[in-house]
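> task: produce atomic coordinates for the following.
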Amino acid sequence: MQSYDAAVLIGRFQPVHNGHLALLREALARSRQAVVILGSAHQARTPKNPFTWQERAALLRAALPEAERARLLVLPIRDYYDEPRWAQAVRQAVAQATQPRAQVALVGHFKDDSSGYLRAFPGWDLIRMPRQGAIDATPIRDAYLGAGAGAGAAALDQALAPWAEHLPAATRAWLEQFADTAHYPALQEEWRMLRAYRESWAGAPYPPVFVTVDALLRCQGRVLLIRRAHAPGKGLWALPGGFVEPRDTLWQSCLRELAEETHCPLPEERLRQALQAVRVFDHPGRSQRGRVITHAYCFDLGDAAPPEVRGGDDAAHAQWVAQEDLAGMEDQFHDDHWHILDQFLGLTPTPAASAPARQSP
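Model prediction:
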């Protein structure tokens, strides 16, 4: 078998299971260094991504013999909701972590449509692995978060019993510890809400596609944000916005949601004058509610005094936030709203100019 300088394994590992470890062991066997790209990094906790990249990195290391941990490099990569930009970020991170002209391979298997990313790196050899049984992280998360409010060790054992043989001992022990944190019941609440939400349209002939609007209002170097009052995303920052009403245009819905959630007093004509751009954000994975396409309206009020605002409707709070503070708030935002801000305001450098964050062995 050909040996490589680095073998790259890409995934979210939410949580780490034995199928992941089989791929990781193959990466270690075929290379001097295994490079794990931890996706969905720097996000708020959600039922889809309940664990931070640091927690997932620790689980990967805990599942390996100590001698192999030194050959594992973990690189967290954010979800850009932009496939070319994401692939560029992965390439740049690997290039900066390896020697020039390093021989790089990609380890993976084609599970379903979500495995299409394996085709995004034509310059790397593909070490194609068979699927490791029927194991998948999604039903593990569903079992874990659906174990019942205040689940103790016995309830968790029962919920995870069908998956016990697929979970490394370190993962199983850590899941039990995590269930004692304040994050666990909050994630369960979100999980139950989203489950009921999806069940409400389970009988539809086709999965629904939702249309929403969001308003990005700038003024004197500040941006108007809300704190969400309800799940999903309860307590997280977001742009004012919501679903399009059946008899509203997109523009009318944007104005209505802005007024309802922030009590912004600006008249329509003033907002028309301040409108800078409208962009569509339609990545299939941008919302956990399902397929949600949003139209984001960007307004700039210039040097005018920021209008007084207060939370209303689905917003627990409305606040003007300094634009310079937004870059450090990435893990406090609902869905892809931080990335919408990034697209309009350029909060992060392009992937080619950014240095990858590392975790020491």
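> mind checking the SS state of the residue lying closest to Thr212 once chain neighbours are set aside?
With sequence-adjacent residues excluded and distances taken as CB to CB, 6 or more residues apart in numbering, Thr212 is closest to Thr294, at 4.3 Å. (Each C-beta comes from the backbone N, C-alpha and C, glycine too.) Thr294 falls in the strand class when you classify it by DSSP: H, G, I helix; E, B strand; the rest coil.
> okay, and the beta partners of Thr294?
Beta-bridge pairing for Thr294 (DSSP bridges): Thr212, Phe281.
> go on, Leu9?
Val36, Val107.
> related to what we said a few turns ago, number of residues surrounding the residue nearest to Thr212?
25 (other CB atoms under 10 Å).
> list the contacts of it.
By CB atoms under 8 Å, 6 or more residues apart in numbering, Thr294 lies in contact with 211-214, 241, 280-282, 286, 340.
> report the mean confidence score over the longest helix seen in the chain.
Looking across the chain with DSSP state H, the single longest helix is helix 183-199. Helix 183-199 shows a mean pLDDT of 93.
> break down the protein into its helices, ranges please.
18-29, 53-62, 66-69, 83-97, 137-145, 153-160, 169-178, 183-199, 250-262, 268-274, 337-345.
> hmm, back to that, CA atoms only: put the longest helix of the chain into CSV for me.
Provided in CSV are the C-alpha atoms of helix 183-199 (Å, rounded to 0.1, in the frame of the first residue of the first chain):
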residue,chain,number,x,y,z
HIS,A,183,-26.3,22.2,28.1
TYR,A,184,-28.0,18.9,27.9
PRO,A,185,-31.6,19.8,29.0
ALA,A,186,-31.4,22.9,26.7
LEU,A,187,-30.4,20.8,23.8
GLN,A,188,-33.2,18.3,24.6
GLU,A,189,-35.7,21.2,24.5
GLU,A,190,-34.5,22.2,21.1
TRP,A,191,-34.5,18.6,19.9
ARG,A,192,-38.1,18.0,21.0
MET,A,193,-39.3,21.2,19.3
LEU,A,194,-37.6,20.4,16.0
ARG,A,195,-38.9,16.8,16.1
ALA,A,196,-42.5,18.1,16.6
TYR,A,197,-41.9,20.7,13.9
ARG,A,198,-40.9,18.0,11.3
GLU,A,199,-43.7,15.6,12.4
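> for it, give me every contacting residue.
45-47, 50, 142, 145-147, 149-150, 178, 231-234, 288-290.
> tell me the angle it makes with helix 169-178.
If you take axes from the mean of the first three to the mean of the last three CA atoms, to 10 degrees, helix 183-199 sits at 90 degrees to helix 169-178.
> and helix 183-199, how far out from the chain's middle?
16 Å (CA atoms, centre = their mean, to the nearest Å).
> stretch 92-108 spans what distance, first to last residue?
19 Å (CA to CA, to the nearest Å).
> gap between the residue nearest to Leu255 when sequence neighbours are not counted and Asp248?
In space, and not counting its chain neighbours, Leu255 is closest to Glu268: 6.1 Å by CB to CB, 6+ apart. Plainly put, Glu268 is 13 Å away from Asp248 if you go by CB to CB, to the nearest Å.
> the more surrounded of these two?
Taking neighbours as other CB under 10 Å, Glu268 and Asp248 compare with Asp248 leading, 15 against 11.
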